[in-house]
Each structure stands twice: as structure tokens, then as C-alpha cells.
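Asks: here is my input; please provide its structure:
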Amino acid sequence: MFDKEIRITGKHGQYMNMLSNNFGETGAKLFNRNIDVYVQAPLVGFLFQRKADKDMTTKDNSGKLFDAHILKDQMITSQDNLTFNMQLILLLDKDYESDEEKRIDKAFRNFGKDENDLELFNSYARGGIEVLYERLIQGASKPDNFIENLTIFTDDITHLFNDNIDKEQLISLLQ
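Replies: Presented below is the predicted three-dimensional model:
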């Protein structure tokens, strides 16, 4: 698994390319490469509970379907991170599989044997790509907008996922 070139199509390919391409006069990027987006996007999609179906309709001005490629060597280089992320999602997604033992089996004993598991991962990746695009790029026109969006996004993640942690209880668990 994660050992061959992949292609992300439609609006997700368009968004992925926008997330990993230079913007503005500064030449700054939010992500260096498409693979960097693909590694992070499923986690963002899962955290924000956002999945998306494949889009085969969004085309460029010439009528060609937007797409983003991730080369085989980049996939292989990132295989450990992608595997870990997929196992994490399979372990945590109670909506996909409610039985804890079956989630463990999917994540470890039977990892990669069910094509539906990879489709779940990719649906979270597409959802995460949408979240990243909407939160970081959409509506931004100059580099300062991107920096502001990134700051707001990281603050939102902190508030959504860290403010509910009882720090005293966490410290007591570590002792």
C-alpha cells in the first residue's frame, strides 16, 4: 500500500496544486509538494469530520480535468507516515467500524486487505484538502492574507482540540 503513483482529480486536484504551488510575488508556499498535502490532509479531514467523494467534474479553461500527481518515489518515501495516519484513522473512526476489536484488526492484523479502508482514508484526504483550501487559501489575495489565515487556522485547532484537555489530569497520568 502507498507504493504507486496516485492522481487526485477535479476540485481536489486543483486545491492540492494551489496548496503546494507558489503564490504571490514572494514565492511562498503553504506546502512544499503535493505529497506533503496528502500526508496531512487525511488527519485534517478526520479532525474536522470531513469526507468528500471523488470529483470528476471540475475542469480547467481548456476543458481538461484538473489533477494533481504524486510520484511513486514520493509515495514510497512517505509510506511510513501514510501507513501510520491510516492506521490511526482506522483505530479512531467509530462511525466506520463500531467494534473496537474489528478496528484493531483493520489497523494492524488485516491492514491493507480491505479496499474500503483505503477509500475511507482517501475520502478523509479529499475532505482535508477541502478544509485546508477553504481555511488557508479561499478569499486570500496577498501573502499577508495567507499568513493571517494560517494563524487563525492554527489557533482554531488549538481551541478545538487542546482547550478541552484537563491539564491537571494529564499531568497526573504522566506521573
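Asks: okay, now the unreliable bits of this protein?
Replies: 23-28, 163-165, 170, 173, 175 (pLDDT under 70).
Asks: list the buried residues of stretch 70-84.
Replies: 70, 74-75, 78, 82 (16 or more other C-beta atoms under 10 Å). (C-beta placed from N, C-alpha, C; glycine too.)
Asks: whoops, stretch 111-121 was the one
Replies: 117, 120-121.
Asks: got it, and stretch 132-141?
Replies: 132-133, 135-137, 140.
Asks: start to end distance for it?
Replies: 16 Å (C-alpha to C-alpha, to the nearest Å).
Asks: swap in stretch 130-145?
Replies: 18 Å.
Asks: before we move on, back to that, show me which of the buried residues of stretch 111-121 is closest to residue 98.
Replies: Proximity of those to residue 98 (C-beta to C-beta) peaks at residue 120, which lies at 14.0 Å.
Asks: how far out from the middle of the chain is the host helix or strand of that closest one?
Replies: Element membership for residue 120, per DSSP states H and E: helix 115-132. On the basis of C-alpha atoms, centre = their mean, to the nearest Å, helix 115-132 sits 7 Å off its chain's mean C-alpha point.
Asks: hang on, the earlier thing: reformat the buried residues of stretch 111-121 as CSV; add distance to residue 97.
Replies: CSV is the format used below for the buried residues of stretch 111-121 (distance: C-beta to C-beta, whole Å):
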residue, distance to residue 97
117, 9
120, 9
121, 13
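Asks: let me know the helix or strand that residue 144 is in.
Replies: Assigned by DSSP H and E, residue 144 falls in helix 143-161.
Asks: tell me the first helix or strand C-terminal of that helix.
Replies: Following helix 143-161 toward the C-terminus (DSSP H and E): helix 167-174.
Asks: in CSV, list the C-alpha atoms belonging to that next one.
Replies: C-alpha atoms of helix 167-174 as CSV (Å, rounded to 0.1, in the frame of the first residue of the first chain):
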residue,chain,number,x,y,z
LYS,A,167,-4.0,19.7,32.1
GLU,A,168,-4.0,18.6,35.8
GLN,A,169,-5.5,15.2,34.9
LEU,A,170,-2.9,14.8,32.0
ILE,A,171,-0.1,15.6,34.4
SER,A,172,-1.3,13.1,36.9
LEU,A,173,-1.4,10.4,34.2
LEU,A,174,2.2,11.1,33.3
